[in-house]
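# Would you be able to build a 3D model of this:
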Amino acid sequence: MSKNDSWFAVVNPQSANGSTGKRWPEYLIRLREDGYLLDFAYTTEPGDATRVTQRILKEGYTHIIAVGGDGTMNEVVNGFFSNGQLINCEAELALFSHGTGGDLIRTLQISRGIEGFLKTLRRGQKRMIDVGEVLFQDEHRQQLHRYFLNVADVGLGGETVALVNKQSKLLGGKLSFLIGSVLSILRYRNKIMRCEIDGKLIFEGRLNSIMVANGRYIGGGMMIAPHAELDDGLFDVVCLGDFSTLMLLRHLPKIYKGEHLVIPGVTVHRGRSVVITTVEKALLDIDGEQPGQAPLTFSLHSKALCLWG
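As a prediction, the model looks like this:
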């Protein structure tokens, strides 16, 4: 058996409040009973999924499964790259969503759980999708970069993710993020931001948030960018204006339905590169993780990754 005939699963046992680690042995049996050749490794700490993915791709595996939540999937995607290049252009990714948020699979219309994942594998449908990249600063003002498939945002979303990730997500993704969103809205203060898209200044002033979207959903089911496509070669950039706390709370249900784009003060732009600077500290959220802060430079790698689903 050659390694490119076998799947390799990168499993975060702590995802879904630890239930992934408890249930993975039964999932592994089920996958092997269905005829899939499968090796796996558990992650042990933040960043481990990226390192494991880089290692196994360099060893010759070409079929990778990310098992966990949106954060695990983000780390695995980052493991497809090394020194700014894809490690193996023939490598493919499948998503076994077993976490809290599950926002990326909403865009892909993939069901949660083992049955949904097996359905994805049996269907065998694959496509090349875009990959976003962002340059940002960590808490020590050192510049870092990260790849993402779904949505990155600066402002309220970064504050919300920082809050939610400090708490237990035992209540599930949607409720955990809804509670986190309400608490963050109550204490958040809008930021002065400047945003350029493809070299053109599109906004300068006080804003609540800017979302740079490749996928459609954030925060456990908020349809923040209802028209975004994973393979159209463009970001959808959604700007939420200088909204008051009361206005945000009043319109929050519309965001879950993707009906917020008609609200005065909400604007949508499209482009391949985005530069965001802020006067005050503004936190960055990438795929449900909070790795740093503005200033931010986004670029899009068109049809860079082969994804099942």
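# I'd like to know which helix or strand in the chain has the lowest mean pLDDT.
helix 173-187 (a mean of 70; mean pLDDT, DSSP states H and E).
# Tell me the helix or strand right after that one.
From helix 173-187 onward toward the C-terminus, using DSSP states H and E, the following helix or strand is strand 191-197.
# what's the average pLDDT for that next one?
For strand 191-197, the mean per-residue pLDDT is 97.
# Quick check: can you name the pairing partners of that strand and their directions?
With DSSP bridges as the test, strand 191-197 is paired with strand 200-207 (antiparallel), strand 273-278 (antiparallel).
# so for the first one, what's the average pLDDT?
Just to be clear, that refers to strand 200-207. The average pLDDT for strand 200-207 rounds to 96.
# any idea which helix or strand comes after that strand?
Counting by DSSP H and E, what follows strand 200-207 is strand 209-213.
# Any chance you could list what contacts the helix or strand just after that following strand?
Per DSSP H and E, the first helix or strand lying C-terminal to strand 209-213 is strand 217-218. Applying C-beta atoms under 8 Å, 6 or more residues apart in numbering, the external contacts of strand 217-218 come out as 103-104, 106-107, 150-151, 153, 157, 211, 223-224, 285, 288. To be clear about C-beta, it is placed using only N, CA and C from the backbone, and glycine gets the same treatment.
# Surely residue 306 is in contact with residue 94?
No: judged on C-beta atoms under 8 Å, residue 306 makes no contact with residue 94 at a distance of 9.8 Å.
# Contact partners for residue 272?
198, 233-235, 299-300, 302.
# Now restrict those residues to buried residues only.
Among these, those buried by neighbour count (16 or more other C-beta atoms under 10 Å) are 234-235, 300.
# With respect to residue 6, which of the residues you listed is nearest?
Closest to residue 6 out of these is residue 300 (31.5 Å), distances taken as C-beta to C-beta.
# for the strand or helix carrying the closest one, packing partners?
Element membership for residue 300, per DSSP H and E: strand 289-308. The contact analysis (3 or more C-beta pairs under 8 Å, 6 or more residues apart in numbering; DSSP states H and E) places strand 289-308 against helix 70-79, strand 92-97, strand 126-137, strand 143-148, strand 151-155, helix 156-164, strand 273-278, strand 283-286.
# how far does stretch 77-93 stretch from start to finish?
8 Å (C-alpha to C-alpha, to the nearest Å).
# ok, back up a step: make a markdown table from the strands paired with strand 191-197 and add mean neighbour count and distance to residue 118 to it.
Output for the strands paired with strand 191-197, formatted as a markdown table (neighbours: other C-beta atoms under 10 Å; distance: least, C-beta to C-beta, whole Å):
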| stretch | mean neighbour count | distance to residue 118 |
| --- | --- | --- |
| strand 200-207 | 15 | 43 |
| strand 273-278 | 20 | 37 |
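# Report how many residues lie close to residue 140.
6 (other C-beta atoms under 10 Å).
# Output the strands paired with strand 191-197 in JSON lines; the columns should cover distance to residue 267.
Formatted as JSON lines, these follow (distance: least, C-beta to C-beta, whole Å):
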{"stretch": "strand 200-207", "distance to residue 267": "8"}
{"stretch": "strand 273-278", "distance to residue 267": "13"}
